[in-house]
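[1] my questions are about this predicted structure, shown below with the sequence.
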Amino acid sequence: MTLKPRTLTPAGIIARTAIALAIGLLAATQLQSAMLLSLLTQATIFAIFALGVGLLLRQNGMVSFGHAAFYGLAGYVAAILMDQHVASAELIILLTLVVMAVFSCLLGLIIVRVPGIAFGMLTLAVGQMFFQLASTSRSLTGGADGMYLDWPARLFGVPINLIQRQDVLFGISWTLLVLCIAGLAALLSTRFGRITEAVRDNEERARFIGIRTLLPRVAIFTLSALVTSLAGLLSVLNTGFISPESLHWSVSGAALMMVIVGGYRTLWGPALGAIVFFLTRDMIGDYAQHWLAIFGTALIIIIVFSPEGIGGALQRLTGRRRPQRA
Amino acid sequence: MTSINIFNGLVYGALLIVMSSGLALIYGLRRVVNFAHGSLYMLGAYIGYSVASQGGFWLALVAVPLVMLVFGVLLDRYCFRLLQDRNPLTVVLVTFGLLLILEDLVQTVWGRSNLSLPAPELLSTSVNLLGTQVPAYRVAVLGVGLAVALGLAAWLKFSRMGLYVRAASTDPTTTAMQGVNTDRLSALVVGVGTALAGLAGVVAAPFLSLSPTMNSDVLIDSFVVVVVGGLGSLGGAFIAALVLGQIQSLGAIYLPGLAAVLPFILMIAVLLWRPAGLAGNRT
């Protein structure tokens, strides 16, 4: 048996995207509680973050323990460019994404060659390197105090206080999340998606049939980093602040946890995991100071007893599991 | 000036030897990269702190490795062994979950503030080493690192058990077919690896302060060591630990701006040159 993915038709992707967008707009306009909206905004930003981590795991079979590097760096690149008044804020947003794409592509060319689990260890180390760098280079990044972003009064012609209103920002984040998932689903249903799956399942055989295996893996790595960078940008748009905390390995760890809890076999699983993570952390209230132990236990239980996460369990329940590899 | 830095680098290298040999041993037998290894080190340091405040440093030095040995045997029996047929990723993520739990445990039991464990009186003097005054305690740490390196090398090379360990690291299935009980062997090796992490924790406590975040720096440095040395290779890890100790110590003095990045530059350079590490083969 093979793990042939259930490919969606273009019409299927468009229909699902429209439904998901409508749900987001409904939530943004109907929810009254500012606290809930702010929680959902955070959850959605982390959902985009986790989407990047999950993409790497699903499509390349590689676990990253250092994706906070892209999340935090995107924020820092934007903050530093704005600090130096390099260009207009709109241009800086685009520039940040270009910088992150080039950077992650170069990094990917080096580190995706590293086999198996050593890759995971390497990502942890590289991530922590950026944490140390940001904490120590005081003149550029403000060190451990972090730095504020001075957003202009209007962004893309829209007043900044409208953009930063929680319901609007939630709507923007949700829309971007849905568009990212839809875009990736469309991309992965092409030949490129099947090539990356072949490389993931057996790199050697993929090479035998004439596929160049390095570039597809680098491409997925770059895409994954870019999606996570987008989350980093949204986060600094939301808070107007960036500090080394965003680069810390525990942030990467939390994102990885969301991916596993939500399930990485589907594109939307990690996003679901992020939302579950934030809602649960909010609900456990006073116990939240022990969230490390609680989520650590949950992670172990899920990975041992239900490795496909909530997403996999849902698919099983609705009877839409595709045949499993024996 | 330089000689004291080289000395400090050696001391840190010795600590990394004790840490990373545990990681390498566990990887060799179980093919598990233990992300909780730094947390086991931290747990060792904190248990050592509590034991030392009751019964003195020397008791802690003996008791902590024994406690951690038992912990390691249980970890192998109830975690690694049960998951040995699963995707390697599963076990790694389980150790990652364990890391989170242990971190919370330490914060809950001992609090978030920094603690310090004084060096034992016998070693609170300084000695003259090649014309430089150095704390006697650090010389002792160097001795511990050396003893662990030589002890492990001798054990693996000359004892029957060591032969089994080397055989099982190369091919566990064939070794089991020859009549070696690889499950018991793994339990022992994971126990020894965990005990070494605990030993490193107690030994480090008097010269690095205790804090609930002390695990991450040492874990990451140990990862750099075992990746540079070649996963599962003890010899490679010894060399890489000594090199990294020097880089950390001298880098902080001569290239302070780059000190945080140097270990990673070393790692990336080695991996570009030899993707499986200094002493690694490509399996």
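    Looks like it arrived, so ask away.

[2] just list the residues touching residue A:274, thanks.
    Counting by Cβ atoms under 8 Å, 6 or more residues apart in numbering or on different chains, residue A:274 touches A:43-44, A:46-47, A:49-50, A:255, A:258, A:262. Every residue, glycine included, has its C-beta placed from N, CA and C.

[3] hang on, I meant residue A:252
    A:53, A:64-69, A:123-124, A:127.

[4] without its sequence neighbours, what residue ends up closest to it?
    Ranked by Cβ to Cβ, 6 or more residues apart in numbering or on different chains and with sequence neighbours excluded, the top spatial neighbour of residue A:252 is residue A:68, at 4.1 Å.

[5] how about that neighbour, phi and psi?
    Main-chain dihedrals, residue A:68, degrees, to the nearest 10: phi -60, psi -20.

[6] same deal with residue B:82?
    Dihedral angles (degrees, to the nearest 10) for residue B:82: phi -70, psi -30.

[7] tell me the mean pLDDT for the helix or strand harbouring residue B:100?
    Using DSSP states H and E, residue B:100 falls within helix B:88-110. Averaging pLDDT along helix B:88-110 gives 89.

[8] so is it next to chain A?
    Yes - using Cβ under 8 Å from any Cβ of the partner chain, helix B:88-110 comes into contact with chain A via B:88-90, B:92-94, B:96-101, B:103-105, B:107-108.

[9] so which elements touch whichever strand or helix holds residue B:47?
    Here residue B:47, judged by DSSP H and E, is contained in helix B:37-55. Secondary structure elements in contact with helix B:37-55, counted by 3 or more Cβ pairs under 8 Å, 6 or more residues apart in numbering or on different chains; DSSP states H and E, are helix B:2-30, helix B:57-75, helix B:88-110, helix B:182-204, helix B:214-229.

[10] would you turn the ones you listed into a markdown table with mean neighbour count?
    Output for these, formatted as a markdown table (neighbours: other Cβ atoms under 10 Å in any protein chain shown):
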| stretch | mean neighbour count |
| --- | --- |
| helix B:2-30 | 24 |
| helix B:57-75 | 19 |
| helix B:88-110 | 21 |
| helix B:182-204 | 25 |
| helix B:214-229 | 26 |
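
[11] tell me the residues on the stretch 101-250 of chain B that lie near chain A, please.
    B:101, B:103-105, B:107-108, B:216, B:220, B:223-224, B:226-227, B:231.

[12] redo that, cut-off 10 Å
    Applying Cβ under 10 Å from any Cβ of the partner chain, one finds that the stretch 101-250 of chain B approaches chain A through B:101-105, B:107-108, B:213, B:216-217, B:219-224, B:226-227, B:230-231.

[13] residue contacts, the residue of the stretch 51-200 of chain B found nearest chain A?
    Nearest to chain A, among the residues of the stretch 51-200 of chain B, is residue B:100, at 3.1 Å (Cβ to the nearest Cβ). Applying Cβ atoms under 10 Å, 6 or more residues apart in numbering or on different chains, we find residue B:100 in contact with A:250, A:253-254, A:257, A:291-300, B:35-36, B:39.

[14] what do you get if the cut-off is 8 Å, keeping everything else the same?
    A:253, A:292-293, A:295-296, A:299.

[15] if we can go back for a sec, as a markdown table, the helices and strands packed on helix B:37-55 with distance to residue A:92 would be great.
    Shown next, in a markdown table, are the helices and strands packed on helix B:37-55 (distance: least, Cβ to Cβ, whole Å):
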| stretch | distance to residue A:92 |
| --- | --- |
| helix B:2-30 | 41 |
| helix B:57-75 | 49 |
| helix B:88-110 | 35 |
| helix B:182-204 | 44 |
| helix B:214-229 | 32 |
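
[16] out of these, flag the one nearest residue A:25.
    Of all those, it is helix B:88-110 that lies closest to residue A:25, at 35.8 Å by Cβ to Cβ.

[17] dump that closest one to PDB, keeping only the CA atoms.
    What follows is helix B:88-110, C-alpha atoms only, in PDB (Å, rounded to 0.1, in the frame of the first residue of the first chain):
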ATOM      1  CA  PRO B  88      12.500   6.900  15.700                       C
ATOM      2  CA  LEU B  89      10.700  10.200  15.700                       C
ATOM      3  CA  THR B  90       8.200   8.900  18.300                       C
ATOM      4  CA  VAL B  91      10.900   8.300  20.900                       C
ATOM      5  CA  VAL B  92      12.600  11.600  20.300                       C
ATOM      6  CA  LEU B  93       9.300  13.400  20.800                       C
ATOM      7  CA  VAL B  94       8.600  11.400  23.900                       C
ATOM      8  CA  THR B  95      12.000  12.500  25.300                       C
ATOM      9  CA  PHE B  96      11.100  16.000  24.400                       C
ATOM     10  CA  GLY B  97       7.900  15.700  26.400                       C
ATOM     11  CA  LEU B  98      10.000  14.400  29.300                       C
ATOM     12  CA  LEU B  99      12.200  17.500  29.000                       C
ATOM     13  CA  LEU B 100       9.100  19.700  29.500                       C
ATOM     14  CA  ILE B 101       7.900  17.600  32.400                       C
ATOM     15  CA  LEU B 102      11.300  17.600  34.200                       C
ATOM     16  CA  GLU B 103      11.700  21.400  33.700                       C
ATOM     17  CA  ASP B 104       8.300  22.000  35.300                       C
ATOM     18  CA  LEU B 105       9.200  19.500  38.100                       C
ATOM     19  CA  VAL B 106      12.400  21.400  38.900                       C
ATOM     20  CA  GLN B 107      10.700  24.700  38.900                       C
ATOM     21  CA  THR B 108       7.900  23.400  41.200                       C
ATOM     22  CA  VAL B 109      10.200  21.600  43.700                       C
ATOM     23  CA  TRP B 110      13.100  24.000  43.900                       C
END
